[in-house]
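S.K.: Give me coordinates for this.
(one chain, ligands or ions: 1)
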Amino acid sequence: MSATIKLENKHFPVLLNELISIISPLYGGTFIDCTFGQAGYSKKILEKKYNKVIAIDRDKDVYLYAKELEKKYKKRFCFKNIKFSQINNIKIKSSDLKAIIFDLGYSINQIKDLNKGLSFKSTGKLNMKMGLNDFSCHEVISNMTENNLIKIFKFFGDEKYSKKIVRKIIEIRKRKIINTEDLTKIINSIKRFKNSKIDNSTKVFQALRIFVNKEISELINGLINAFYLLPIGGVIAVVTFHSLEDRIVKFFFRNYSEIKNPSRYVPNKDNNIRCFKLQNNKPITPNLKEQKINPPSRSAKLRFATKISNESNFEEFKQKFKYLIDIENLQFDK
Ligand SMILES: C[S@@+](CC[C@H](N)C(=O)[O-])C[C@H]1O[C@@H](n2cnc3c(N)ncnc32)[C@H](O)[C@@H]1O
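M.R.: Model prediction:
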């Protein structure tokens, strides 16, 4: 989940000022907001009159917010209901493009939407689809084999009790259709003595959301395709919310960035093409004031890099996270 929240109908996009200060030297061109949501970033970028925004979101419900901006900014704004992995299908004069931004995860409106069932606080049929999905969580819980479910919970949720939880799911689903409340009850029955700061269900629900929405493949393909679309001098900026996402973004930027102060004495061991320049090695995180107004923002991390070359070879990046993509591609074969 992202840390975007609505307080008293006021919307707080996470790390907004920090993101804007990164991209504002590039003002006077086109920006792609890959995770439009409730328009927090897009609105701010459009305040400057020579900027244009192409906004993307897989959730068609956000069209409500897009309509307002279409009306107000006319040709300076357009919205596309696509997944950001398909960013390469956007027709744009590449030289006009200044930055591509991602604010990963879900908005609080999506989390609160009981029909989407993204939260363990939801009720009813398991869903978890953000939009443009091939299947829902209900199909995963009803049809996935024991071994595959264990892999999903372990690798996408880092859930220590994966085996026990999955065995219980398999036992119960023989008798009834498991809904959201049943799933949280199953998890609580296994973890009933565990004393954790996070809810017992957090990790399993995170794992299932990642699997249903193919979030890892989306991120990896989104980053690579963003690179190809961007001209030299353009910026990719990404806000992540959990460690798995951050690991992927960190590797992508660092592995293909110019080395700062390379040593004359240590030979360069890899043959990677350096196609990014990193300004900050460390991620930018919300200050105490933002964390106080918006507590979930605590986990947010903003990383960004400038493209410095058209040459690239992302094979090592793809290989490094192939084991996660393979899990996302597991089929139902009950
Ligand atoms: C955290 S919210 C973005 C909030 C936004 N920055 C704002 O200020 O309102 C993330 C949004 O990205 C969308 N999203 C997540 N993954 C996506 C993907 N692979 N392709 C397109 N949109 C995606 C979600 O539907 C959600 O609306």
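
S.K.: per-residue confidence averaged over the host helix or strand of Lys250?
M.R.: Here Lys250, judged by DSSP states H and E, is contained in helix 243-255. For helix 243-255, the mean pLDDT works out to 97.

S.K.: list the helices and strands that helix packs on?
M.R.: helix 215-229, strand 235-240, strand 301-307, helix 315-320 (3 or more Cβ pairs under 8 Å, 6 or more residues apart in numbering; DSSP states H and E). (Each C-beta comes from the backbone N, C-alpha and C, glycine too.)

S.K.: Give the helix, strand or coil label for Arg298.
M.R.: helix (DSSP: H, G, I helix; E, B strand; the rest coil).

S.K.: how about low-confidence regions in this protein?
M.R.: Scanning the chain for pLDDT under 70 picks out 1-11, 259-271, 334.

S.K.: Can you pull the residues of it lying near the ligand?
M.R.: 2, 4, 13, 35, 37-41, 56-59, 62, 83-84, 103, 105-107, 130, 218 (Cβ under 6 Å from any ligand atom).

S.K.: Just the ones of those in helices?
M.R.: When DSSP state H defines the helices, the subset of the residues of the chain next to the ligand inside them is Gly40, Tyr41, Glu218.

S.K.: What's the end-to-end length of stretch 127-141?
M.R.: 10 Å (Cα to Cα, to the nearest Å).

S.K.: hmm, back to that, quick one: which of the helices and strands packed on helix 243-255 is nearest Ile92?
M.R.: helix 215-229 (7.2 Å; Cβ to Cβ).

S.K.: list the buried ones in that closest one?
M.R.: Of the residues in helix 215-229, 215-227, 229 count as buried by neighbour count, 16 or more other Cβ atoms under 10 Å.

S.K.: just to revisit the earlier point, mind putting the helices and strands packed on helix 243-255 in JSON lines, distance to Ile141 included?
M.R.: JSON lines is the format used below for the helices and strands packed on helix 243-255 (distance: least, Cβ to Cβ, whole Å):
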{"stretch": "helix 215-229", "distance to Ile141": "18"}
{"stretch": "strand 235-240", "distance to Ile141": "26"}
{"stretch": "strand 301-307", "distance to Ile141": "31"}
{"stretch": "helix 315-320", "distance to Ile141": "29"}
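
S.K.: tell me the contacts of Asp182?
M.R.: Asp182 makes contact with Ile172, Lys176, according to Cβ atoms under 8 Å, 6 or more residues apart in numbering.

S.K.: Over to it. Which of the three states is it?
M.R.: helix.

S.K.: and if you look at Lys98?
M.R.: strand.

S.K.: from the ones in helices among the residues of the chain next to the ligand, which single one is nearest the ligand?
M.R.: Gly40 (2.2 Å; Cβ to the nearest ligand atom).

S.K.: contacting residues for the closest residue to the closest one other than its chain neighbours?
M.R.: Taking Cβ to Cβ, 6 or more residues apart in numbering, and ignoring the residues beside it in sequence, Gly40 has Pro13 as its nearest neighbour in space, at 2.6 Å. Residues near Pro13 by Cβ under 8 Å, 6+ apart: Thr4, Gly37, Gln38, Gly40, Tyr41, Lys44, Asp103.

S.K.: can you redo those as CSV with distance to Asn89 and neighbour count?
M.R.: Formatted as CSV, these follow (distance: Cβ to Cβ, whole Å; neighbours: other Cβ atoms under 10 Å):
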residue, distance to Asn89, neighbour count
Thr4, 26, 29
Gly37, 21, 24
Gln38, 24, 21
Gly40, 25, 20
Tyr41, 21, 29
Lys44, 26, 19
Asp103, 21, 27
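
S.K.: Mind checking which of those land in strands?
M.R.: Of those, the ones assigned to strands by DSSP state E are Asp103.

S.K.: Could you dump the contacts of Pro13 into TSV and include distance to Ala207?
M.R.: What follows is these, written out as TSV (distance: Cβ to Cβ, whole Å):
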residue	distance to Ala207
Thr4	22
Gly37	22
Gln38	26
Gly40	27
Tyr41	28
Lys44	33
Asp103	21
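
S.K.: How is this structure partitioned into domains?
M.R.: 5-109+215-313, 114-212 (automatic domain parsing).

S.K.: need those domains in TSV with distance to Asp333, can you?
M.R.: As requested, the domains of the chain are arranged in TSV below (distance: least, Cβ to Cβ, whole Å):
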stretch	distance to Asp333
domain 5-109+215-313	20
domain 114-212	6
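
S.K.: State the distance from the residue lying closest to Lys164 once chain neighbours are set aside to Lys151.
M.R.: Spatial nearest neighbour of Lys164, chain neighbours left out: Ile190 (4.8 Å); criterion: Cβ to Cβ, 6+ apart. Distance of Ile190 to Lys151, given as Cβ to Cβ, to the nearest Å: 18 Å.
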